[in-house]
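Student: have a look at this prediction, sequence included:
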There are 2 protein chains.
Amino acid sequence: MSADPQAHQRRGADAVRAAVAASLAGDLTRAAAVLRVTPQDVDDVLHAQFAGGVGEVLTKGLGASPGAAVGQVHFTADACVAAVDRGELVVLVRDETSPGDVHGMQVAEGILTARGGLASHAAVVARAWGIPAVVGAEGLRIHADHCTVGRTTVREGDVISLDGGTGEVVLGERGLAAAEPPAELWRLLTWADEIRAGHLVVRANADTAADARRAVELGAEGIGLCRTEHMFLAEDRLQIVRAMILASTPEREAEALEQLREAQRADFVEILTVMAGRPVTVRLLDPPMHEFLPSIGELQVTAAQRQLTSEEAALLEAAELWREDNPMLGTRGVRLAVLKPGLYAMQVRALLQAAADVAAGGGAPVVEVMVPLTVGREELALARRWVEEALADAAGDGPALQVSIGTMIETPRAALVAGELAEVADFFSFGTNDLTQMTFGFSRDDVEARLVPAYLEAGLLARNPFETLDRPGVGELVQLAVARGRAARPRLKMGVCGEHGGDPESIRFFQAAGLDYVSCSPYRVPVARLAAAQAVLSANGTSEEAPF
Amino acid sequence: MSADPQAHQRRGADAVRAAVAASLAGDLTRAAAVLRVTPQDVDDVLHAQFAGGVGEVLTKGLGASPGAAVGQVHFTADACVAAVDRGELVVLVRDETSPGDVHGMQVAEGILTARGGLASHAAVVARAWGIPAVVGAEGLRIHADHCTVGRTTVREGDVISLDGGTGEVVLGERGLAAAEPPAELWRLLTWADEIRAGHLVVRANADTAADARRAVELGAEGIGLCRTEHMFLAEDRLQIVRAMILASTPEREAEALEQLREAQRADFVEILTVMAGRPVTVRLLDPPMHEFLPSIGELQVTAAQRQLTSEEAALLEAAELWREDNPMLGTRGVRLAVLKPGLYAMQVRALLQAAADVAAGGGAPVVEVMVPLTVGREELALARRWVEEALADAAGDGPALQVSIGTMIETPRAALVAGELAEVADFFSFGTNDLTQMTFGFSRDDVEARLVPAYLEAGLLARNPFETLDRPGVGELVQLAVARGRAARPRLKMGVCGEHGGDPESIRFFQAAGLDYVSCSPYRVPVARLAAAQAVLSANGTSEEAPF
């Protein structure tokens, strides 16, 4: 731990103030001012830091969402909510998080997990909400009311402090310096926006109206990835989704889909209203079916203790039917939609009706429908037909809607056959998280915390490929897909919506590769705006030494 | 089901006899005779077929290992062994198989599984042993002493018949016509060998001395893939492997490794003796750690019923520590060796000592050490260092050994960075099963039985990519790797050891891509010999119409 972590915050703020002042005084061009501040400076001034005091280092994990946090440890989401209701500040400590934990994550000061990598559920959600998080913490073993690291035991209610930038977790309370970005930051970012205008757009990944609002405040020009999973996983929705899965007749299935459609329509109206005029890329349902079903292991343990209810037995049967050994490579995304054709049609109808609602209210919804996990032309053509049929059905209901249809490029095969995909796509969005997983054969949740650190230490990897895009492997697939896609359709719009969209070095690569936009977590948007402008300047041969 | 399946066998035998007779009579060149027989003809005459009678079709799965079989149904390997001891013919019916089932598979007439694809454990083992098998059978639900398909129930001891070529499973006993390949077949295959000599070598995948012997009998010129997993999974070995995993001190770990080394040395001596003079590619340990540990679910259910023993508790803790969400993309192959550095060193020492033993006895072992799951140069260079250190240690113990060191190309990244891998590799072996999985993002065990049939039916895939190599995607990666590997090291030896090595259409592609050898299950070697010759002829522009 550095002697005075708060120094980073001060240094960052000083750098921002000095660059802006020098430019206003006429000593630097705006471009030179933008180049003088580092993305790390921006990151430092935007997040709380440890302000002093020392504590025993408990463990170190991956710094998954920057900022420092202090709170009392709780091991379940419910316990966090109860503690916050009592007025405590809490840190949620879990083996790993799942959608069932989000109510606890939402109220936590910080999040700590024993498993998972930078693209795990905990990391992605924490970044989206700007909550400091450390994931994949070494040696952390979690039990019902305590956890251990080696011989040290931490009980429920004990205080810990964590730094989501460095990944350090400390026993006891450390002082915090709140984030106080200098006013000059926002002026500097406006200059950055001028520089990158017409070159590289910055969007945000946002799944809810609240996320979308925050994204716009932080300067996002659109939503590059609106995941629709949470629309299925909220407590009240899950029952309907399960009714759909367990439906014994097509009529019951259709009835459940109809309920889901109404619910999703309302979600989409909110988001499209917030984003009015700005593009919103909606990814159709992506996760495997079993994520909507209870754990087989838990139900089996229950069955060993008592007779299952008939609903539990039905859920266990469904969970076994949909069980997969490698769900990351399993029946999800467009594959699930091929097996359950009503699913995507329902989502698209909900989306188009929402767009019509917003347009009728004077809004200007710009909708981009995105199909995940495509591997070939025919698959995308089929999904495109579903969307176009829904569009045709919706036509005449109101003003004409502006809708484009595209696909994620997230399997290596999709990158290789990008030419044929472009024949039926209006846009590509590179899902570099999954593309990295499949190109390396690295399951991020399994290897990022366990293997990647060992590989970095042994010099077998130069960088964590989930943090900074791997140029020789994944990067070549991106370049191939850009070239082949544009050869087939010169005006194909292309962007990236993986976590790499918020990483400055990766942004430089994406700019050079010819992408139109990057999309990242809302809280990374300011850094991405600066990094995108710097990428444009360096591509133009502008350096701070030779300001134009 | 066709009216007379036996007709295929007769037609195949007639085609072989006619081609050989015409050539002997001077009416056809040998090349033309080789072109006149189809790989399917050879497949048909080499395997038993249904000979008549009809039965109710119970279900249909993937034809995973050709030939027809009839037997009484049993649901565990132990029950199969007991039934065979009583003189019964048995069909093993399982949800899916694992290494713990091999004693039952070994004695079964046929194998039927509810889950898994053409590259599942059941399919791979069945093909290796020439046992007819149907996997991923639709709608088959398996219980303790019976199974059901829809409303039909099959009880333990009931007779079923299955066709491992078509994937059909029939209730009751159908007549069988044994495989009786005509004597002319072997002559024709000798001609095929003459044609492909110097162009495309055919090897076999064989893990034991018995497999190796069979492979040589069927014409294999070497072993392209000797998996070392079974050397860890046999009942007596598993205890040692678990002792290694649970070892609390480096000394205990070393002690367990030493016991494993002695056991593996004996295995390698047997195989190298059988293959003396022919190359043997030994793949260092590939599967993830958890395959050597008991099931978490079963232990949790046990824990719900009674106190676990201290050994069970330790195994449960280890299983949880090594648990992975996507083991296919997890810590296995060379990755595991980086975390447990003693492991590969032990295997290589055992192998080199075995080679020295065989050489001392006058044999001529040709050893190729193969590193699985590589993603980059540094990783392979490290593994190469381990092997070279063991070689240096072994030098002086006896005659100089002929050892080369290479890698699987089975991750998309390995194919893309093949140029840098070639700097530290003597050979490449394309693991097209895994390469297909990662390029498509298709877990073979999860999607091959569920999704691939639906995709074929909907026209979203032209072929099952696990059966016939996908040219636009996986094929391009193979071509890239060949070109980049040879550019870096012109004499780099290259082959394929995935299941595609036995598929005639894929063999044509591999020949055109410039590979030196294909390697497949022993029972597919005759088909591969014919297909390889035909590929060479067609590359030379020879067709049956214009014999040379």
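Tutor: Alright, I've got the coordinates.
Student: in chain A, what spans have low per-residue confidence?
Tutor: Where chain A drops to pLDDT under 70, the residues are A:1-6, A:52-54, A:396-398, A:543-548.
Student: mind naming the longest helix for it?
Tutor: Across chain A, the longest stretch assigned as helix under DSSP state H is helix A:250-274.
Student: contacting residues around it?
Tutor: A:206, A:208-209, A:212-213, A:216, A:223, A:226, A:228, A:231-232, A:236-237, A:240-241, A:243-244, A:247, A:280, A:282, A:342-343, A:346-347, A:349-351, A:353-355, A:357-358, A:361, A:363, A:365, A:367 (Cβ atoms under 8 Å, 6 or more residues apart in numbering or on different chains). (Each C-beta comes from the backbone N, C-alpha and C, glycine too.)
Student: give the buried subset of those residues as a PyMOL selection command.
Tutor: To isolate in PyMOL the members of the contacts of helix A:250-274 that are buried, counting by 16 or more other Cβ atoms under 10 Å in any protein chain shown, one can use:
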select buried, chain A and resi 206+208+209+212+213+216+223+226+228+231+232+237+240+241+243+244+280+282+342+343+346+347+349+350+351+353+354+355+357+358+363+365+367
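Student: the contacts of helix A:250-274 in helices, which ones?
Tutor: Judged by DSSP H, the contacts of helix A:250-274 include A:209, A:212-213, A:216, A:231-232, A:236-237, A:240-241, A:243-244, A:342-343, A:346-347, A:349-351, A:353-355, A:357-358 as members of helices.
Student: A:Thr407 should be in a strand, yeah?
Tutor: Yes. Checked against DSSP: H, G, I helix; E, B strand; the rest coil, A:Thr407 lies within a strand.
Student: which residues touch the most centrally placed residue in chain A?
Tutor: Central residue of chain A (Cα atoms, centre = their mean): A:Val124, 4.7 Å from the mean position. When contacts are counted by Cβ under 8 Å, 6+ apart, A:Val124 is found next to A:Glu499, A:Ser521.
Student: for the strand or helix carrying it, buried residues please.
Tutor: A:Val124 is part of helix A:121-129, with elements assigned from DSSP states H and E. Under the neighbour-count criterion of 16+ other Cβ under 10 Å, helix A:121-129 has A:His121, A:Ala122, A:Ala123, A:Val124, A:Val125, A:Ala126, A:Arg127, A:Ala128, A:Trp129 buried.
Student: what is the nearest of those to A:Leu537?
Tutor: Using Cβ to Cβ, A:Arg127 comes nearest to A:Leu537 of those, at 26.3 Å.
Student: before we move on, the earlier item: and the residue nearest to the centre of chain A, how close does it get to A:Pro99?
Tutor: With distances taken as Cβ to Cβ, to the nearest Å, A:Val124 is found 11 Å from A:Pro99.
Student: now do A:Asn540
Tutor: Separation of A:Asn540 from A:Pro99 (Cβ to Cβ): 44 Å.
Student: who's more crowded, those two?
Tutor: Neighbour count, other Cβ atoms under 10 Å in any protein chain shown: between A:Asn540 and A:Pro99, A:Pro99 has more, with 18 against 12.
Student: so who does that one touch?
Tutor: Residues in contact with A:Pro99 (Cβ under 8 Å, 6+ apart) are A:His121, A:Glu229, A:His230, A:Leu233, A:Glu291.
Student: for burial, what's the neighbour tally of A:Ala395?
Tutor: Neighbours of A:Ala395 under the rule other Cβ under 10 Å: 12.
Student: which ones are touching the spatially closest residue to A:Thr432 that is not a sequence neighbour?
Tutor: The shortest distance from A:Thr432 to any residue other than its chain neighbours is 3.2 Å, reached at A:Gly498 (Cβ to Cβ, 6 or more residues apart in numbering or on different chains). Applying Cβ under 8 Å, 6+ apart to A:Gly498 gives the contacts A:Glu410, A:Phe430, A:Gly431, A:Thr432, A:Asn433, A:Asp434, A:Leu435, A:Thr436.
Student: re the thing from before, alpha carbons only: can I get the helix holding A:Val124 in PDB?
Tutor: This file holds the C-alpha atoms of helix A:121-129, laid out as PDB (Å, rounded to 0.1, in the frame of the first residue of the first chain):
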ATOM      1  CA  HIS A 121     -21.600 -10.400 -12.000                       C
ATOM      2  CA  ALA A 122     -20.300  -8.600  -8.900                       C
ATOM      3  CA  ALA A 123     -17.700  -6.600 -10.900                       C
ATOM      4  CA  VAL A 124     -20.100  -5.600 -13.700                       C
ATOM      5  CA  VAL A 125     -22.900  -4.600 -11.400                       C
ATOM      6  CA  ALA A 126     -20.500  -2.700  -9.000                       C
ATOM      7  CA  ARG A 127     -19.000  -0.700 -11.900                       C
ATOM      8  CA  ALA A 128     -22.400   0.100 -13.300                       C
ATOM      9  CA  TRP A 129     -23.500   1.500 -10.000                       C
END
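Student: Provide the strand pairings for the helix or strand that it is followed by, with the direction of each partner.
Tutor: Using DSSP H and E, the helix or strand that follows helix A:121-129 in sequence is strand A:133-135. Strand A:133-135 pairs in its sheet with strand A:62-65 (antiparallel), strand A:110-113 (parallel), by DSSP bridges.
Student: what about A:Gln305, neighbour count?
Tutor: Counted with other Cβ under 10 Å, residues neighbouring A:Gln305 total 11.
Student: now do the one 3 residues further on
Tutor: Counted with other Cβ under 10 Å, the neighbours of A:Leu308 add up to 15.
Student: now do the SS call for it.
Tutor: Under three-state DSSP, A:Leu308 falls in the coil class.
Student: same check, this time on A:Thr148
Tutor: Under three-state DSSP, A:Thr148 falls in the strand class.
Student: count the neighbours of it for me.
Tutor: Count around A:Thr148 with other Cβ under 10 Å applied: 14.
Student: and for A:Thr436?
Tutor: A:Thr436 - counted by other Cβ under 10 Å - has 26 other residues nearby.
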